[in-house]
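**Q** with the sequence up front, the predicted model follows.
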Number of protein chains: 2
Amino acid sequence: MRRVTMEDVAAQAGVSRALVSLVMRESPRVSESSRRIVLDAAAKMGYRPNLMARNLASRRTMTLGLLLNDLHNQWFAEIADGIHDEADTHGYRIILGNGRRSASHEDDVLESFLSFQVDGIIVAGCRLAPKRIEAVAREVPVVSVGRALRSRTVATVNSDDRVGARVAVEHLVSLGHRDIVHVDGGAGAGAAPRRGGYLAAMKDLGLERRARIIPGDFTESAGVAAVEELLTGRTMPTALFTANDLSAIGALDRLEQAGLSVPDDLSLVGYDNTALAGLHHISLTTVDQPREEMGRVAFKSLVDRLADRGTAPSSVTPVAHHVMSPELIVRRTTGSPAGH
Amino acid sequence: MRRVTMEDVAAQAGVSRALVSLVMRESPRVSESSRRIVLDAAAKMGYRPNLMARNLASRRTMTLGLLLNDLHNQWFAEIADGIHDEADTHGYRIILGNGRRSASHEDDVLESFLSFQVDGIIVAGCRLAPKRIEAVAREVPVVSVGRALRSRTVATVNSDDRVGARVAVEHLVSLGHRDIVHVDGGAGAGAAPRRGGYLAAMKDLGLERRARIIPGDFTESAGVAAVEELLTGRTMPTALFTANDLSAIGALDRLEQAGLSVPDDLSLVGYDNTALAGLHHISLTTVDQPREEMGRVAFKSLVDRLADRGTAPSSVTPVAHHVMSPELIVRRTTGSPAGH
DNA sequence: TCTCGCGGTTAGAGCGCTCTACATCATAGG
DNA sequence: CCTATGATGTAGAGCGCTCTAACCGCGAGA
């Protein structure tokens, strides 16, 4: 059974193919009566526009590619939610690509997006070399979420990890803590600004000499190892601020195993506000990024540029770099230190 | 700057457009020398085939649509991994759609897939009415993963939840437990067979009269509520088998809060082997589904049918229904009951 | 020498749609 | 009564590619 085309609908409705096209595109230049006739015919025949043909002819797809670095990571799901919401209201379609945590897969996906002639691309937590991303950005507007990127062609949306770390430290200090140790994220994305924010906050609060950083790598075992290192030392700090939630959970586990109570003996703050942190069983104080909002902003910034394109032909308008504020979520792993 | 087309490459290479097309499609009917010439020209000009045009002309897209019910759910990520792996080796492209836990969004996504002329569709954990899915299946091959569906047109891949529940019960009984309570998943997907498997296993092991089911709904709080109900009763069971990991974690939390130790006072088994279950801090005994394998099988079963299509035109060959075996993952929340 | 077969290449007709330019018609203004 | 005007509708040329059928040498077999 052949698929029904615009030609068929036109014949059935007794009008020209061009008119059917106008109706399908919701053009205002069609009389109400013909619109009805065409729509009825289309419905009766089960007509569905062929996007391939449409896109080929119109040279735009109303489709954006969204490259997610890792489907396993909740973080991306919320970014995607924000983007999808916004796309719905703007009539854009989103196709997702799975980067599977590897630069080469990401590259394949981008290549695929370009072949699909997407109108724009959003990369979330992309691992690709900046050069590569910029090369893509030369063909089609690109915005990057969750990865800082100093670029004149790639727009970015990020949350301010320095501020987030600072807020975490300030919270602990306001509770009375002074010996606050940071378990960092090594070379991972966001690790450096979080570490920097921690140090800056400690300094500003006059605790510079008490600052202490234990190397980590964003994993659960990094948290375990950090606590073990602390346990072998002479004195314990009264609070621990880890680079992400997973490490915090590792630390939590090891602390309880050592017979220490959280938050009575030691307060604990994570980062990212993952689903884990919200579990009753864990109830971790942590720093939240406005992920959905970040997705929304990314989408808007992309669509703005798409609109510009029509007016300012290939002009090198500088792209926007958005920085959003994180928020502290206080749960049950933080409290005043003993004897305070 | 106009995009470079096949025509341009042909001109540059001094050959016909048709030959360029053959080279791009890796046809064996091209001499090595012309292949080189064409590829060089293409590379030099930065040519990238336009998928829209290609798909329009060839009436196939080598693209499959993968509809994920919920990006937030890890379960889907692993299914997707299996599918992607397989797709890579078969030269298929995957476009993902985000169902966002709502039937209407899922419907939009399917509509979008069809407009994109995908060659086939995989729906994972789809909530849509079976009728709707079958309607889509009339236009293009469809396979459903993670949702049982008695259909002659929609293939399915599932894991056997009855067996999974049985294995969980048998494990507990082999440890010496006899009073095993099940917290079920209400009307959720998979809840019924898990409940059925529990009951059947209890019966087969002669524990029919000790079987007890507490209603739940797959949430953390269902686990909490179940424990609270048990605590108000006269006697506690020695083991708890919940319909999923999240409920198990709720139960774990409430048990510890009540001063009961797991597994010394009470053993606990979850279901799904989510990332949560693997956390050291939780270390939950649970039942694992071979998710990646399920994805793989789904892909293969789809591609098989695509191949059939060429030979058996629109024949109503009955579709396959695959059932995979789950596996028990023993961790630290199960042990022998006290005094055993 | 002529024909046949074969590897390699090409011409040209679409695929199903959009878009520009133009046709048509009724109404309004001069 | 004629033309300007605006609202609708149509014709027809592509968009960039695939695919069928045909073409073009060239060496082998008759």
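**A** Arrived safely, thanks for sending.
**Q** so residue A:109 touches residue A:67, yeah?
**A** Yes - using C-beta atoms under 8 Å, residue A:109 is in contact with residue A:67, at 5.3 Å. (Glycine included, C-beta is placed from N, CA and C.)
**Q** overlap in contacts, these two.
**A** A:97, A:99 (C-beta atoms under 8 Å, 6 or more residues apart in numbering or on different chains).
**Q** what does the stretch 101-250 of chain A put close to chain B?
**A** Proximity of the stretch 101-250 of chain A to chain B, by C-beta under 8 Å from any C-beta of the partner chain, involves residues A:111-112, A:114-117, A:220, A:224, A:249-250.
**Q** swap in 10 Å and give it another go.
**A** For the stretch 101-250 of chain A, the residues in contact with chain B (C-beta under 10 Å from any C-beta of the partner chain) are A:105, A:108-109, A:111-117, A:135, A:138-139, A:220-221, A:223-224, A:246, A:249-250.
**Q** residue A:231 contacts residue A:251, doesn't it?
**A** No - using C-beta atoms under 10 Å, residue A:231 makes no contact with residue A:251, being 11.0 Å away.
**Q** more neighbours: the two, which one.
**A** Applying other C-beta atoms under 10 Å in any protein chain shown to residue A:231 and residue A:251 shows that residue A:251 carries more neighbours, namely 31 against 12.
**Q** burial count for the closest residue in space to that one that isn't next to it in sequence?
**A** With C-beta to C-beta, 6 or more residues apart in numbering or on different chains as the criterion, residue A:251 has its nearest non-adjacent residue at 3.7 Å, and that residue is residue A:223. The number of residues packed near residue A:223 is 32, by other C-beta under 10 Å.
**Q** my guess is residue A:223 meets residue A:250, correct?
**A** Yes - if you go by C-beta under 10 Å, residue A:223 and residue A:250 touch, sitting 2.7 Å apart.
**Q** who touches both of those two?
**A** In terms of C-beta atoms under 10 Å, 6 or more residues apart in numbering or on different chains, residue A:223 and residue A:250 are both contacted by the residues A:183, A:216, A:242, B:280-281.
**Q** got a winner among these for most neighbours?
**A** Of the shared contacts of residue A:223 and residue A:250, residue A:242 is surrounded by the most neighbours, 31 neighbours in total, counting by other C-beta under 10 Å.
**Q** pretty sure residue A:97 sits in a strand.
**A** Yes - assessed with DSSP: H, G, I helix; E, B strand; the rest coil, residue A:97 lies in a strand.
**Q** that one: what's it in contact with?
**A** With contacts defined as C-beta under 10 Å, 6+ apart, the neighbours of residue A:97 are A:65-69, A:105-106, A:108-113, A:116, A:118, A:121, A:123, B:84, B:93-96.
**Q** please redo it, this time with the cut-off set to 8 Å
**A** With C-beta under 8 Å, 6+ apart, residue A:97 has these contacts: A:65-68, A:106, A:109-110, A:112-113, B:95-96.
**Q** rewinding a little: for residue A:109 and residue A:67, work out which one has more neighbours and name it.
**A** The residue with more neighbours, out of residue A:109 and residue A:67, is residue A:67; 29 against 26, by other C-beta under 10 Å.
**Q** ok, the strand or helix carrying that one: who's next to it in the sheet?
**A** Using DSSP states H and E, residue A:67 maps to strand A:63-68. Next to strand A:63-68 in the sheet, as set by DSSP bridges, lie strand A:93-98 (parallel), strand A:120-124 (parallel).
**Q** buried sites along it?
**A** Burial within strand A:63-68, assessed by neighbour count using 16 or more other C-beta atoms under 10 Å in any protein chain shown, is assigned to A:63-68.
**Q** circling back: tell me which of the strands paired with strand A:63-68 sits most buried.
**A** Highest mean neighbour count among the strands paired with strand A:63-68 (mean count of other C-beta atoms under 10 Å in any protein chain shown): strand A:120-124, with a mean of 27.
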